[in-house]
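Peer 1: have a look; sequence and predicted model below, questions after that.
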Amino acid sequence: MAELIDLTERKKAATLITARPVEFRWGEWASGTAWLCARKESEKFEAHRIEARRLSGHAHIQWLPNHVKLDGGSHYTVRALFRYRNDEGAMRRIYRLAGMMECVTRGVSPVLRSDLLRRIYDAILEERQALQVVWRGSVDRFLLPLYLHHGIVERLLARLVPVESLKELFAVIDQETAAQFNLLAADYVIYVPMAFGLPEQ
């Protein structure tokens with residue numbers, strides 16, 4: 001009977017928190033920042049973790065996958081995504097909100113230099129309150145740093161430049177943050193420290 005149980009798959013699943021809509025896995029560290037990792041890199045890392053745990057005694061991880069540390073503003077974004085990890089609708093709203101924050105802090109557009117900016121801030125405050133999302137301290141990046149070869153990271157800000165109406169601005173934000181979220185879900189894995197399982201302070 002024992003030979004019918006796939007222990008390898010069980011060990012692999014032990015690090016899995018959620019597979020969809022975004023794949024979250026437990027990291028090997030207790031606290032600190034989460035990591036953003038390409039799915040192919042994650043697959044190699046998970047295979048290595050399984051091999052390390054097969055060894056008797058201390059399970060020693062000998063190498064780490066290529067990754068990006070999610071610190072600064074992206075730390076609070078990923079904390080919020082993790083909190084709503086079983087609610088895709090809320091996760092997409094959080095990512096849209098992060099896109100709005102990115103636009104008002106880094107974007108260049110006629111709309112952002114007009115009286116309409118107040119209405120954008122009102123929309124941000126309303127969503128932050130509804131989702132109970134807070135970015136603390138001095139942060140300048142809110143969207144997750146997807147790899148440059150995907151050609152999508154700065155596209156949101158580039159598309160803002162000619163925008164002249166509030167309706168068009170929100171449409172661009174909706175389109176670009178949805179595209180980024182879809183890419184995040186399809187091509188990336190997020191590793192989080194064990195502290196993410198504790199109540200937020």
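Peer 2: Perfect, thanks for sending it.

Peer 1: alpha carbons only for contacts and neighbour counts from here, please
Peer 2: Noted.

Peer 1: list the contacts for Ala158?
Peer 2: The contact partners of Ala158, by CA atoms under 8 Å, 6 or more residues apart in numbering, come to none.

Peer 1: and the host helix or strand of Ile50, what's buried?
Peer 2: For Ile50, the host element (DSSP states H and E) is helix 39-54. By 16 or more other CA atoms under 10 Å, the buried positions in helix 39-54 come out as Arg39, Ser42, Phe45, Glu46, His48, Arg49, Ile50, Ala52.

Peer 1: just the CA coordinates for it, please, in PDB.
Peer 2: The C-alpha trace of helix 39-54 is given here as PDB (Å, rounded to 0.1, in the frame of the first residue of the first chain):
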ATOM      1  CA  ARG A  39       7.600  29.800 -12.800                       C
ATOM      2  CA  LYS A  40      10.400  27.900 -14.600                       C
ATOM      3  CA  GLU A  41      12.900  28.900 -11.900                       C
ATOM      4  CA  SER A  42      10.400  27.900  -9.200                       C
ATOM      5  CA  GLU A  43      10.000  24.400 -10.800                       C
ATOM      6  CA  LYS A  44      13.800  23.900 -10.600                       C
ATOM      7  CA  PHE A  45      13.900  25.200  -7.000                       C
ATOM      8  CA  GLU A  46      11.000  22.900  -5.900                       C
ATOM      9  CA  ALA A  47      12.800  19.900  -7.400                       C
ATOM     10  CA  HIS A  48      15.900  20.900  -5.500                       C
ATOM     11  CA  ARG A  49      14.000  21.300  -2.200                       C
ATOM     12  CA  ILE A  50      12.600  17.800  -2.600                       C
ATOM     13  CA  GLU A  51      16.000  16.300  -3.200                       C
ATOM     14  CA  ALA A  52      17.400  18.100  -0.200                       C
ATOM     15  CA  ARG A  53      14.700  16.700   2.000                       C
ATOM     16  CA  ARG A  54      15.400  13.200   0.900                       C
END
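
Peer 1: where does pLDDT dip in this structure?
Peer 2: Low-confidence segments of the chain (pLDDT under 70): 1-13, 53, 55-63, 149-151, 198-201.

Peer 1: 90 instead, please
Peer 2: For the chain, the stretches with pLDDT under 90 are 1-15, 27-30, 41-67, 113, 136-141, 147-154, 194, 197-201.

Peer 1: hang on, the earlier thing: farthest pair in the buried residues of helix 39-54?
Peer 2: Maximum pairwise distance among these (CA to CA): 19.8 Å, between Arg39 and Ala52.

Peer 1: and the residue nearest the centre of this protein?
Peer 2: Residue closest to the mean C-alpha point of the chain, counted by CA atoms, centre = their mean, is Val78 at 4.6 Å.
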